[in-house]
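Novice: Here is my input, please return the structure:
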Amino acid sequence: MTDEEPQQNDNIGETLNVSYERLRHSTDTAELSEVARAPLPDSADQAAFSRSTALLEAVAGNSHTPVGDRVFLAQKMPFPNVLVKLSGDAEPSVRAGVAGNISDKNWLVGRLAKDDDAQVRAAALQNPQASWRIRLEGAQAEGTDAPTLAYLAGLGTVNEQDAPVILATMVRQAVALNSRTDLETLQTLAKDSQPDVMLAAQHALQQRSQDPDQVQQ
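Specialist: Here you go, the predicted model:
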């Protein structure tokens, strides 16, 4: 028997708390990756399922877990405890994965919609779980990028066609009033079926035509 063989069995019979703390502080990237990617037990086995989701939280909170695995968890996991843990990750790509996860709670999307990183904010604002308040604030914010504003400009028309008319109209109008909105999006909104949106976009286009610095936006 080699010296390594007893160590291979050290983890057998560990309590959940012991396993959690060990993985939470582990520097073994191979083991962390293995736990992150392991198929989940059948949810009918509640004990095994609960243990696995708890250990995923430990792995998610460990900065030694490879970034690719943290992104995988952020994008694929439906578990609030895992998503909340990853929402505070130092890597923007991980937070963006959480921001775009449709299993998010609304409050988590709202928090990420105000993230310091533009990629994270964009993913949150395009998440179907984002509330209309969050979307309206995003449409009004000067820090929202043009592609995200273009997405918001399609709410109730191209995107989510069954959206509440009044709320979707408010968001599209806010996009029309946002100085970061590109010309192509404004030109589309200038033909909107809702007068408030159409007039706001037409006015914005007129202002830009008189301002050489904005014509190329």
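
Novice: avg pLDDT for stretch 89-96?
Specialist: Mean pLDDT, computed over stretch 89-96, is 98.

Novice: Show me which residues of it are buried.
Specialist: Asp89, Pro92, Ser93, Val94, Arg95, Ala96 (16 or more other C-beta atoms under 10 Å). Using the backbone N, CA and C atoms, a C-beta is placed for each residue, glycine as well.

Novice: Contact partners for the fifth one?
Specialist: Put plainly, it is Arg95. Ala74, Leu86, Ser87, Gly88, Asp89, Leu112, Asp115, Asp117, Val120 (C-beta atoms under 8 Å, 6 or more residues apart in numbering).

Novice: swap the cut-off to 10 Å and go again
Specialist: Neighbouring residues of Arg95 by C-beta atoms under 10 Å, 6 or more residues apart in numbering: 70-71, 74, 86-89, 111-112, 115-117, 119-121, 123-124.

Novice: Let me know the pLDDT of the residue nearest the centre of the chain.
Specialist: Centroid check for the chain by C-alpha atoms, centre = their mean gives Ala99 as the closest residue, at 1.0 Å. On pLDDT, Ala99 comes in at 98.

Novice: hang on, the earlier thing: return the subset of the buried residues of stretch 89-96 lying in helices.
Specialist: Using DSSP state H, Pro92, Ser93, Val94, Arg95, Ala96 are the members of the buried residues of stretch 89-96 that sit in helices.

Novice: any idea which of those is the one closest to Tyr20?
Specialist: Val94 (20.0 Å; C-beta to C-beta).

Novice: which ones are touching that closest one?
Specialist: Neighbours of Val94 in contact, by C-beta under 10 Å, 6+ apart: 60, 65, 67-75, 86-88, 120.

Novice: What would the strand or helix carrying Gln173 look like as CSV? C-alpha coordinates only.
Specialist: Assessed by DSSP states H and E, Gln173 sits inside helix 165-177. Extracted in CSV, the C-alpha atoms of helix 165-177 (Å, rounded to 0.1, in the frame of the first residue of the first chain):
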residue,chain,number,x,y,z
VAL,A,165,-48.6,47.9,-23.8
ILE,A,166,-48.3,50.8,-21.4
LEU,A,167,-45.1,49.5,-19.7
ALA,A,168,-43.4,48.5,-23.0
THR,A,169,-44.3,51.9,-24.5
MET,A,170,-42.7,53.7,-21.5
VAL,A,171,-39.5,51.8,-22.0
ARG,A,172,-39.4,52.4,-25.8
GLN,A,173,-40.0,56.1,-25.2
ALA,A,174,-37.2,56.3,-22.6
VAL,A,175,-34.9,54.6,-25.2
ALA,A,176,-35.9,57.3,-27.7
LEU,A,177,-34.9,60.0,-25.2
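
Novice: now for the helix or strand that comes right after it, which elements pack on it?
Specialist: Using DSSP H and E, the helix or strand that follows helix 165-177 in sequence is helix 183-189. On a contact count with 3 or more C-beta pairs under 10 Å, 6 or more residues apart in numbering; DSSP states H and E, helix 183-189 meets helix 146-153, helix 165-177, helix 195-209.
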